[in-house]
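>>> fold the following and give me the result.
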Amino acid sequence: MQEVILDEPYKFISPHRSVFWTAVCRPVLPWYLKKAHGIVDVEIRHADRLKESIRQKHGVLMLANHCRTSDPMTMGALYAATGSPLYSMASFHLFKQNKLQAMMMPRLGAFSILREGADRAALNFAIDNLTNAERPLVIFPEGTVSRANDRLLSFMEGPAFLARAAAKRRAKTDAGPVVIHPVALRYIFLDDVMAASEKILDEIETRLSWSKQSHLPILDRVRKLGSCLLAVKEVEYLGHAREGDVFDRAADLAERLLVPHEERWETGTSAKEDVVMRVKAIRTAILPELTSGKLTPEEKADRVDVLQQIYLAQQLLFYPRDYLTPDSPPEHLLETVERFEEDLTDVLRVHGRMKVIINIGEPIEVEAKRSGRKGEADPVMELARERMQTMIAEMAEEVAESRGERRTILAA
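Coordinates of the predicted model:
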């Protein structure tokens with residue numbers, strides 16, 4: 001788990017406009033991706049679509065799925081393919097992980113966004129960039145790492161606001177449209193998924209003082225371990241472990257963690273909303289106090305505890321019920337056990353070689369005025385999400401066909 005609880009006041013971090021560091025890091029990027037994330041091959045499809053939008057000087061917004069922490073750096077491969085540097089919007093806490101990351105992110109085009117408030121500096125920078133067609137802007141509209149390559153979370157509405165604001169400005173000068181390019185990233189594990197997953201399971205079971213459960217079928221083993229890890233949190237927050245369907249238990253624990261804080265902070269959110277939005281609403285209510293410097297140590301500890309609880313609630317709901325089945329792609333197994341490992345140890349490790357496909361979709365022209373009813377999802381975001389999900393599904397099927405008889409977990 002990355003450090004997402006910050007008690008310092010927010011200050012906008014702007015990107016460097018120079019391309020010096022982007023150019024310097026270009027030959028180093030493949031080495032970094034391999035060492036840090038196990039990525040040995042990046043295939044870019046339809047770069048010509050992006051290059052044409054840049055050539056026509058459109059305001060370009062790229063919306064990509066966010067299934068792994070490697071996504072932002074992987075997108076950096078587009079510089080070599082298109083010749084254009086990128087800007088990317090990143091959560092403020094990412095600039096506070098370590099000194100090297102804090103130094104390099106702005107130099108590679110990243111700028112900060114305060115997710116829990118109205119960050120006018122970040123919004124103005126993004127709108128100005130799209131209006132002036134300075135660089136393509138990369139945003140991950142799910143708002144967090146989903147950990148599920150073949151499943152999209154709900155999209156935030158913010159990117160549509162930025163695109164429409166810039167489109168309105170450009171319309172006044174006949175500068176041409178703002179376009180959204182949906183981008184689908186699909187990771188492919190190149191080594192033995194079963195061996196890698198069993199190694200992780202062995203280590204977690206040993207950590208729990210269990211004997212290795214290798215006598216069980218792999219899915220039964222994963223379910224048993226998942227139930228145990230959930231029981232640990234149930235004992236922590238409810239006082240006892242429960243029985244029953246593991247997904248029902250996880251959803252119920254998440255509600256028990258979220259609802260009291262929604263009521264306490266009067267967020268107005270409920271189970272009807274997406275969990276990311278619910279967590280964001282609580283964080284938005286808490287962080288101004290936490291960063292004010294006016295809380296007593298006891299009050300500060302209370303707020304931090306709340307943030308930890310709602311983070312756990314979000315992680316609990318990131319285990320989709322039907323994501324891991326006998327017919328699932330092998331990557332779903334690895335994603336699940338990697339998630340176990342990260343949730344338990346707060347560490348992300350490389351477990352083998354991976355290839356990633358970056359598929360750039362056709363441009364979607366953004367109208368200055370939004371259509372549809374108030375309160376409904378923005379139509380342009382719905383269209384971008386639909387196209388992105390289609391591309392992801394098509395790539396998943398392509399990968400499955402390339403594996404032939406070894407296309408599912410049971411056959412792996």
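>>> point out where the stretch 301-412 of the chain drops to low pLDDT.
For the stretch 301-412 of the chain, applying pLDDT under 70 flags the ranges 405, 410-412.
>>> at 80 what do you get?
Applying pLDDT under 80 to the stretch 301-412 of the chain flags residues 372-375, 405-412.
>>> could you do the chain as well?
Scanning the chain for pLDDT under 80 picks out 1-8, 117, 372-375, 405-412.
>>> ok now do the residue sitting nearest the centre point of it, which residues does it touch?
Nearest to the mean C-alpha position of the chain, by C-alpha atoms, centre = their mean, lies Val145 at 2.3 Å. Going by C-beta atoms under 8 Å, 6 or more residues apart in numbering, Val145 touches 66-69, 71. Placement of C-beta: from N, CA and C, glycine included.
>>> how close does it get to Ala167?
29 Å (C-beta to C-beta, to the nearest Å).
>>> list the buried residues of the helix ranked longest in the chain.
The single longest helix within the chain, with elements called by DSSP state H, is helix 379-403. Buried residues in helix 379-403, counting neighbours by 16 or more other C-beta atoms under 10 Å, are found at 380-381, 384-385, 387-389, 391-392, 395-396, 399.
>>> again, but for stretch 176-190
For stretch 176-190, burial by neighbour count (16+ other C-beta under 10 Å) applies to 176-189.
>>> and stretch 351-358, by the same measure?
Applying 16+ other C-beta under 10 Å to stretch 351-358 flags 351-352, 354-358 as buried.
>>> can you check stretch 67-83 too?
67-79, 81-82.
>>> how about stretch 357-377?
Buried residues in stretch 357-377 (16+ other C-beta under 10 Å): 357-361, 363-364, 366, 368, 370.
>>> in helices, which of those residues appear?
Among the buried residues of stretch 357-377, no member is found in helices (DSSP H).
>>> just give me the closest of the residues you listed to Ala118.
Ala118 lies nearest to Arg370 out of the buried residues of stretch 357-377, by C-beta to C-beta, at 18.9 Å.
>>> show me the contacts for that closest one.
Here Arg370 is in contact with 160, 164, 378-380 (C-beta under 8 Å, 6+ apart).
>>> rerun that using 10 Å as the cut-off
157, 160-161, 164, 376, 378-380 (C-beta atoms under 10 Å, 6 or more residues apart in numbering).
>>> next one: Arg169
59, 127-128, 130-132, 175, 178, 368.
>>> one more: Gln213?
Under the criterion of C-beta under 10 Å, 6+ apart, the contact list for Gln213 reads 198, 201-202, 205, 220-222, 224-225.
>>> which of the residues you listed count as buried?
198, 201, 205, 221-222, 224-225.
>>> looking at those residues, which two lie furthest apart in space?
Longest span within these, C-beta to C-beta: Glu198 and Lys224, 13.7 Å.
>>> list the buried residues in stretch 318-333.
Applying 16+ other C-beta under 10 Å to stretch 318-333 flags 318-319, 323-324, 328-333 as buried.
>>> now render those residues as TSV, adding secondary structure and distance to Asp274.
What follows is the buried residues of stretch 318-333, written out as TSV (DSSP: H, G, I helix; E, B strand; the rest coil; distance: C-beta to C-beta, whole Å):
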residue	secondary structure	distance to Asp274
Phe318	coil	12
Tyr319	coil	15
Tyr323	coil	17
Leu324	coil	21
Ser328	coil	23
Pro329	coil	25
Pro330	helix	28
Glu331	helix	24
His332	helix	21
Leu333	helix	26
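>>> and the chain, what are its domain boundaries?
Domain ranges of the chain: 20-190+353-406, 193-345, per automatic domain parsing.
>>> most neighbours per residue, which of the ones you listed?
Using mean count of other C-beta atoms under 10 Å, the stretch among the domains of the chain with the largest mean neighbour count is domain 20-190+353-406, at a mean of 18.
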